[in-house]
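Peer 1: everything below, folded, please.
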Amino acid sequence: MASLSAARAPVAAAPFKACPSARAGRSQRLQPVCSAARNQHAAAAADRRAVLLGLAGAAVAVPLVGAAPASAGEQYLPVSSLTVIQKKAILADFQARAEAALSQELTAADAPVALRLLLNDAGTYDAATKTGGCDGSIVLPEELNRPENKGLAPFVDRLRKVKDAIDARAEEGQGPISWADTIVLAAKVCIEKAWRQDKINKAADAEKGAFIAESFGNPIFLKLGRKDATEPAPAGRLPAPDASLEGVQQYFNKLGVKPDAGSGPFAPKAPFWERQQFLLWPATQADPAAAEAALVAYSAAAYGPWKQQYDKSRGTVTRTSYEVDFGTIFIKLADLGAKFDKDAYLFPIKASWLVGQRAVVPERY
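Peer 2: Alright, predicted model coming up:
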């Protein structure tokens, strides 16, 4: 314990890199390990994490460390003593690794089925009883085999392989990724791939398109730590596979609405009203363009203005208005009824990573 006094000395802060966006006020963010997390080679991941965590304890006294969870003689900083910056760094790295694994398996073409899986999981939420929601219960056989979830099982099998790979690379003391977070991140990865490809296709050449996608993309920022349910959600809460558009509209009008929300002209709008319906429902269908046209044909007054607005945005290279609004409702859906574990994916870090004024950098870094 002789080195603890030295460890309490301030250490250099982890650098932050701005993620550029077309709208600084709405989608530009400062986040650690932004583009580097996507480009670093996987073989250097463990060493990069060691450096990041070592540098993340800036101007924070290091509390007492505990015994190692597995390696005898090693000293660890317990999760309860990690700083906010250290926790954010761990979660940022975990999400980057999870998204990289999902990106290897999934493509932009998987976006409709990925979003449908998320909607059918989160869309079981009942605000009156506070049951259902984004809790991963859809992967349970009893729920997955229901008629409204027909055709989702093969995609779940693909996600299962990726989830196993993510869990296999977990750090010592780091728990497995939840199914709820796996489903949310899978949809995010597919959607952002589709957005990126659209920008590239609109550009004069692929290189310029890639630059636009990197500089003017609209990434979806998510909170992780969703807990999984151990029982299937109650049946009968989702539209039937052959539901009419009127039935679909009625479903969304009730989704997430609190029992005391009231009614009438002064009542608050439902969480998933016409704008959100237009954004979400077509994106879950095999042919989103045809689904949008069907909504407008069903009710031009309700959905026509939104199609006109978003067609204009999607006609531009950056597509900012459409993507920012879609990202906002995506987050609302991903958090619907979700219960979070604030310590999910955190793990004790080696006290030897924080020594004196400088981090201990592994030789292979």
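Peer 1: how distant is whichever helix in the chain runs longest from the center of its chain?
Peer 2: Of all segments of type helix in the chain, defined using DSSP state H, the longest is helix 179-202. Here helix 179-202 is found 10 Å from its chain centre; the criterion is CA atoms, centre = their mean, to the nearest Å.
Peer 1: how about the host helix or strand of Leu91: buried residues?
Peer 2: Leu91 belongs to helix 84-105 when assigned by DSSP states H and E. Buried residues in helix 84-105, counted by 16 or more other CB atoms under 10 Å: 85-103. In short, each C-beta sits where N, CA and C put it, glycine included.
Peer 1: and Val317, what's its pLDDT?
Peer 2: Val317 carries a pLDDT value of 89.
Peer 1: neighbours of the nearest residue to it once chain neighbours are set aside, just the number please.
Peer 2: Nearest residue to Val317, sequence neighbours excluded (CB to CB, 6 or more residues apart in numbering): Lys202, at 4.8 Å. By the measure other CB atoms under 10 Å, the count of residues near Lys202 is 17.
Peer 1: please renumber the chain so that the first residue is 12 from this point on.
Peer 2: Okay, using 12 as the starting number, the last item reads as Lys213.
Peer 1: low-confidence ranges, this protein, go.
Peer 2: For the chain, applying pLDDT under 70 flags the ranges 12-84, 272-278, 364-376.
Peer 1: would you map the strands across it?
Peer 2: 28-30, 40-42, 77-78, 86-88, 360-361, 365-366, 369-370 (DSSP state E).
Peer 1: tell me the strands beside the fifth one, with direction?
Peer 2: With DSSP bridges as the test, strand 360-361 is paired with strand 86-88 (antiparallel).
Peer 1: show me what counts as buried in the strand it pairs with.
Peer 2: Gln86, Tyr87, Leu88.
Peer 1: any chance of those residues in a markdown table, plus distance to Trp284?
Peer 2: What follows is the buried residues of strand 86-88, written out as a markdown table (distance: CB to CB, whole Å):
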| residue | distance to Trp284 |
| --- | --- |
| Gln86 | 54 |
| Tyr87 | 49 |
| Leu88 | 47 |
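Peer 1: for Ala362, state which of those residues is nearest.
Peer 2: Gln86 (4.2 Å; CB to CB).
Peer 1: my guess is the closest one meets Ser363, correct?
Peer 2: Yes - assessed by CB atoms under 8 Å, Gln86 is found in contact with Ser363 at 7.0 Å.
Peer 1: right, and Lys238 touches Trp190 too?
Peer 2: No - shown here, Lys238 and Trp190 do not form a contact pair, counting by CB under 8 Å, at 9.9 Å.
Peer 1: tally of neighbours for Gly162?
Peer 2: Counted with other CB under 10 Å, Gly162 comes out at 11.
Peer 1: quick check: the residue lying closest to it once chain neighbours are set aside vs Pro299, distance?
Peer 2: The shortest distance from Gly162 to any non-neighbouring residue, by CB to CB, 6+ apart, is to Val124 (7.5 Å). As judged by CB to CB, to the nearest Å, Val124 and Pro299 stand 12 Å apart.
Peer 1: the helix holding Leu102 versus helix 190-213: what angle between them?
Peer 2: Going by axes from the mean of the first three to the mean of the last three CA atoms, to 10 degrees, helix 95-116 is angled at 70 degrees with respect to helix 190-213.
Peer 1: quick one: list the elements packing against helix 95-116.
Peer 2: Applying 3 or more CB pairs under 8 Å, 6 or more residues apart in numbering; DSSP states H and E, we find helix 95-116 packed against helix 47-50, helix 56-66, helix 164-179, helix 190-213.
Peer 1: and of those helices, who's closest to Lys323?
Peer 2: Of these, the one closest to Lys323 (CB to CB) turns out to be helix 190-213, at 14.0 Å.
Peer 1: related to what we said a few turns ago, got the angle for the longest helix of the chain vs helix 164-179?
Peer 2: Using the same axes, to 10 degrees: helix 190-213 against helix 164-179 is 110 degrees.
Peer 1: can you list the buried residues in helix 190-213?
Peer 2: Buried residues in helix 190-213 (16+ other CB under 10 Å): 190-207, 209-211, 213.
Peer 1: ok, stretch 168-179 next?
Peer 2: Neighbour counts over stretch 168-179 (16+ other CB under 10 Å) mark Arg169, Leu170, Val173, Lys174, Ile177 as buried.
Peer 1: do stretch 224-244 as well
Peer 2: 224, 227-231, 233, 235-240, 243-244.
Peer 1: measure that stretch end to end?
Peer 2: 38 Å (CA to CA, to the nearest Å).
Peer 1: report the distance from it to the chain centre.
Peer 2: 2 Å.
Peer 1: quick revisit: redo the helices and strands packed on helix 95-116 as CSV? Include distance to Trp284.
Peer 2: Listed next are the helices and strands packed on helix 95-116 as CSV, based on distance: least, CB to CB, whole Å:
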stretch, distance to Trp284
helix 47-50, 35
helix 56-66, 42
helix 164-179, 28
helix 190-213, 21
